[in-house]
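Chemist: Kindly return the folded structure for what I paste below:
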Amino acid sequence: MINYTIYENKKSDQWVTFVHGAGGSSSIWFKQIRDFKKQFNVLLLDLRGHGESKTTLKTAFKQKYTFTALANDILEVLDFLKIQKSHFVGISLGTILIRHLAEMYPERVQSMILGGAILKMNFRSQVLMRLGNVFKYVLPYLVLYRLFAFVIMPKKNHKQSRLLFINEAKKLYQKEFIKWFKLTAEINPILKWFRQVELNIPTLYVMGEEDYMFLPSVRKVVESHYKSSKLFVIENCGHVVNVEQPNAFNATVLSFINTTK
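Modeler: Next up is the predicted model:
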């Protein structure tokens, strides 16, 4: 089972589960824990091969990663802890896993908060993925990861997010990185499906106004999924909204969850 951390709140029966992105770990939520545990039970997850969910070298060779397998990792923890239903907060690639989990088990997802959400790979990100595919066996993965981090988070005020993700990524095995990178092969069809199908689950997108790669497609989807979805855009903020503007992020997300309880 993947590694998890819980903060219990005896006054609440509600759970909020945090899902980080590729190359991160549950430590990226350090600016959220204090505010959220005051009101809710909090569950932090380390996805496969990340943080404390280290795969042994033996299993690292065997397992193929798919979005379904990774979503089932999350479900396994919920079942183990007997959490019937949870609000989910994700960042970047974590938002894809939350949405995929909601497709598979909608009855387990009370609401979705998707920060730095990925709903469409624009031309620049498609080029990045192709480059990554060509060089993934040749270049050390940190070189690729640094490149991705700079393209996705280019500005001076994104530096903290960049460094955080690069430092977390240093803890991955090269083999692990390649497995996660291979997930990009199934990303386009899955994102196309997400854009087309609106789920009847309250959804809040929290995006930085400088998240130029992913914000335009989120705006379009929220317009067409108006029954279930809302968009909150944070000024002077890039892709990793929870790290760059934690106060605005926390206040907005807590307010949204309290309306969907």
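
Chemist: where do the strands sit along the stretch 1-150 of the chain?
Modeler: Along the stretch 1-150 of the chain, the segments classed as strands by DSSP state E, counting those that start in this stretch run 4-7, 15-19, 41-45, 86-91, 109-115.

Chemist: check contacts around F194.
Modeler: Residues near F194 by C-beta atoms under 8 Å, 6 or more residues apart in numbering: I96, R99, L119, V221. Where C-beta positions appear, they are placed from N, C-alpha and C, glycine not excepted.

Chemist: Below-threshold pLDDT in the stretch 1-150 of the chain: ranges please.
Modeler: Across the stretch 1-150 of the chain, the ranges flagged by pLDDT under 70 are 55-63, 123, 136, 141.

Chemist: I figured R99 hits M112, correct?
Modeler: Yes. The pair R99 / M112 is scored as a contact, 6.7 Å apart, by C-beta atoms under 8 Å.

Chemist: I figured L44 hits I2, correct?
Modeler: No. L44 is beyond contact range of I2, at 10.8 Å (criterion: C-beta under 8 Å).

Chemist: Those two: which is more packed in?
Modeler: Between L44 and I2, counting by other C-beta atoms under 10 Å, L44 is the more crowded of the two (24 against 19).

Chemist: Can you report how many residues neighbour the closest residue to the more buried one other than its chain neighbours?
Modeler: With sequence-adjacent residues excluded and distances taken as C-beta to C-beta, 6 or more residues apart in numbering, L44 is closest to S26, at 3.9 Å. When counting by other C-beta under 10 Å, one arrives at 24 neighbours for S26.

Chemist: buried stuff in stretch 88-107?
Modeler: For stretch 88-107, burial by neighbour count (16 or more other C-beta atoms under 10 Å) applies to 88-103.

Chemist: Quick one: low-confidence residue ranges for the stretch 151-261 of the chain.
Modeler: Residue ranges of the stretch 151-261 of the chain with pLDDT under 70: 173-175.

Chemist: so E168, which of the three states?
Modeler: Put simply, E168 is helix when judged by DSSP: H, G, I helix; E, B strand; the rest coil.

Chemist: can you pull the contacts of M121?
Modeler: M129, I187, N188, L191.

Chemist: Would you agree the first one is in contact with T184?
Modeler: Yes. Counting by C-beta under 8 Å, a contact exists between M129 and T184, whose distance comes to 4.9 Å.

Chemist: L215 contacts M207, doesn't it?
Modeler: Yes. Between L215 and M207 there is a contact under C-beta under 8 Å: 4.8 Å.

Chemist: shared neighbours of these two, anything?
Modeler: Common neighbours of L215 and M207 (C-beta under 8 Å, 6+ apart) are V233.

Chemist: what packs against the helix or strand that contains K220?
Modeler: Assigned by DSSP states H and E, K220 belongs to helix 215-224. If you count contacts as 3 or more C-beta pairs under 8 Å, 6 or more residues apart in numbering; DSSP states H and E, helix 215-224 packs onto helix 187-196, strand 203-208, strand 229-234.

Chemist: got a list of contacts for the second one?
Modeler: Put plainly, it is strand 203-208. Strand 203-208 is touched from outside by 111-117, 214-215, 218, 221-222, 225, 228-234, 237-242, 244-245, 249, 252-253, 256, with contacts defined as C-beta under 8 Å, 6+ apart.
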